[in-house]
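K.L.:
Next come a sequence and a model predicted from it.
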Amino acid sequence: MPEQIRHICGISGGKDSSALAVYLKDRVPEMEYFFCDTGAELPETYEFLTRLEVILAKPIALLNADRGFDHWFEIFRGALPSPQMRWCTKNMKIKPLEKWIGDDPAISYVAIRSDEANRKGYVSTKPNIESRFPFVEDNIDHAGVMQILDDAGIGLPAYYEWRTRSGCYFCFYQRKAEWIGLADHHPDLFERAVAIEQKVLQDAGVNGDADFSKQAMKSRQYTWSGGETLVQLRARRDEILERHEAAIARTASARPNLPLVDALADVLDEDDDTQPCTVCAL
């Protein structure tokens with residue numbers, strides 16, 4: 001008797017993976033939904049997942065790493081996770097996922113849209129996991145994703161008011177304006193991120209922001225946001241927001257019918273167009 005194939009759909013807390021989960025609800029009734037929970041997610045993400053479970057009429061499995069961020073932070077002491085060294089994604093998301101699947105044959109459905117088909121989703125090196133891209137196959141683009149969410153009556157997570165990417169509160173892929181948004185909406189989480197960063201700086205022998213060298217600022221080895229510490233970034237709050245609001249006004253003028261969430265994404269991409277890890281941010 002052949003082994004039964006598992007059908008799995010990862011949900012990051014972002015719009016694309018959530019829309020895919022809804023899209024596949026009736027098409028793949030045996031679907032298993034999962035969320036890789038680092039324990040450092042935004043409160044809005046957990047709230048949205050609860051709403052999504054109601055729509056799906058199925059629980060979303062929360063996959064937790066055997067060891068939390070603090071453990072891996074100690075292992076990689078001296079360097080924060082960064083686009084060049086994404087140890088958080090590897091150890092706190094991919095490993096728990098592959099452990100959950102085990103050696104079972106599985107099809108993993110990835111929320112890459114048709115208008116971003118050149119992006120790469122999570123593709124396991126394990127031979128028992130096959131990846132599929134329904135939105136690419138069925139030619140569903142950004143507008144299609146938004147329509148799916150609207151039709152389901154679920155809308156968007158509340159963090160889309162100030163941030164366009166799901167993921168940990170300290171995610172290094174956040175743009176400058178998004179860090180300010182974190183400071184404004186969740187000052188306690190911002191302070192936690194500051195404390196982690198300051199610990200790295202102290203261990204590196206950097207005594208305060210004034211001694212933060214240009215060489216260090218150019219890398220993300222010592223700071224969450226490239227070019228400055230979070231303390232320095234927060235001190236530039238008015239400047240960052242002024243630039244951010246001016247960019248929104250330019251976008252609104254050039255594309256008057258563009259929804260706010262899309263205008264926000266365009267504006268933030270002016271600040272940093274680095275593509276985030278799709279495991280975390282779809």
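P.N.:
Done, it's in. Please read all numbers here as calculations on a predicted model, not as lab measurements. Numbers count the residues shown, from 1 in each chain.
K.L.:
which SS state does the residue nearest to R113 when sequence neighbours are not counted fall under?
P.N.:
In space, not counting the residues next to it along the chain, R113 is nearest to F135; the distance is 4.7 Å by CB to CB, 6 or more residues apart in numbering. Every residue, glycine included, has its C-beta placed from N, CA and C. The local conformation at F135, judged by DSSP: H, G, I helix; E, B strand; the rest coil, is helix.
K.L.:
C9 now?
P.N.:
strand.
K.L.:
before we move on, what about L62?
P.N.:
Secondary structure for L62, judged by three-state DSSP, is strand.
K.L.:
what about E3, how many residues close to it?
P.N.:
The tally of other residues near E3 (other CB atoms under 10 Å) stands at 9.
K.L.:
K176 and A235: what is the separation?
P.N.:
Applying CB to CB, to the nearest Å, one obtains 12 Å for the distance of K176 from A235.
K.L.:
For those two, indicate the residue with more neighbours.
P.N.:
When K176 and A235 are compared for neighbours, K176 comes out ahead with 22 against 13, by other CB under 10 Å.
K.L.:
Ramachandran angles for the closest residue to the more buried one other than its chain neighbours?
P.N.:
For K176, the nearest residue in space outside its immediate sequence neighbours is I240; the separation is 5.0 Å by CB to CB, 6+ apart. When read as degrees, to the nearest 10, the backbone of I240 gives phi -60, psi -40.
K.L.:
Show the contacting residues for I240.
P.N.:
The contact partners of I240, by CB atoms under 8 Å, 6 or more residues apart in numbering, come to K176, A177, I180, L233.
K.L.:
Model confidence at it, what's the number?
P.N.:
What the model reports as pLDDT for I240 is 92.
K.L.:
Also L268?
P.N.:
L268 carries a pLDDT value of 50.
K.L.:
quick one, what contacts I107?
P.N.:
Contacts of I107 were listed using CB under 8 Å, 6+ apart, and they are I5, R6, H7, I8, I129, E130, S131, R132.
K.L.:
Turn those into a markdown table, columns for neighbour count, secondary structure and distance to I154.
P.N.:
Below are the contacts of I107 laid out as a markdown table (neighbours: other CB atoms under 10 Å; DSSP: H, G, I helix; E, B strand; the rest coil; distance: CB to CB, whole Å):
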| residue | neighbour count | secondary structure | distance to I154 |
| --- | --- | --- | --- |
| I5 | 13 | coil | 28 |
| R6 | 18 | strand | 25 |
| H7 | 18 | strand | 21 |
| I8 | 20 | strand | 21 |
| I129 | 20 | strand | 28 |
| E130 | 14 | strand | 28 |
| S131 | 15 | strand | 25 |
| R132 | 14 | strand | 23 |
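K.L.:
model confidence over stretch 203-218, on average?
P.N.:
Averaged across stretch 203-218, the pLDDT comes to 58.
K.L.:
likewise stretch 110-126?
P.N.:
For stretch 110-126, the per-residue pLDDT values average out at 74.
K.L.:
cool, and stretch 35-42?
P.N.:
In the prediction, stretch 35-42 has an average pLDDT of 91.
K.L.:
likewise stretch 93-107?
P.N.:
Average pLDDT, stretch 93-107: 90.
K.L.:
Give the buried residues for it.
P.N.:
Applying a neighbour-count criterion of 16 or more other CB atoms under 10 Å, one finds K93, I94, K95, P96, L97, E98, W100, I101, A106 buried in stretch 93-107.
K.L.:
Could I get the CA-only coordinates of it as CSV?
P.N.:
Backbone C-alpha positions of stretch 93-107 (Å, rounded to 0.1, in the frame of the first residue of the first chain) are rendered in CSV as follows:
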residue,chain,number,x,y,z
LYS,A,93,11.4,28.1,11.1
ILE,A,94,12.9,25.6,8.6
LYS,A,95,14.2,23.0,11.1
PRO,A,96,10.9,22.8,13.1
LEU,A,97,9.0,22.5,9.8
GLU,A,98,11.2,19.6,8.5
LYS,A,99,11.0,17.9,11.9
TRP,A,100,7.2,18.2,11.8
ILE,A,101,7.1,16.6,8.3
GLY,A,102,9.7,14.0,9.1
ASP,A,103,10.1,11.4,6.4
ASP,A,104,6.5,11.6,5.2
PRO,A,105,6.0,12.3,1.5
ALA,A,106,4.5,15.8,1.4
ILE,A,107,3.5,18.5,-1.1
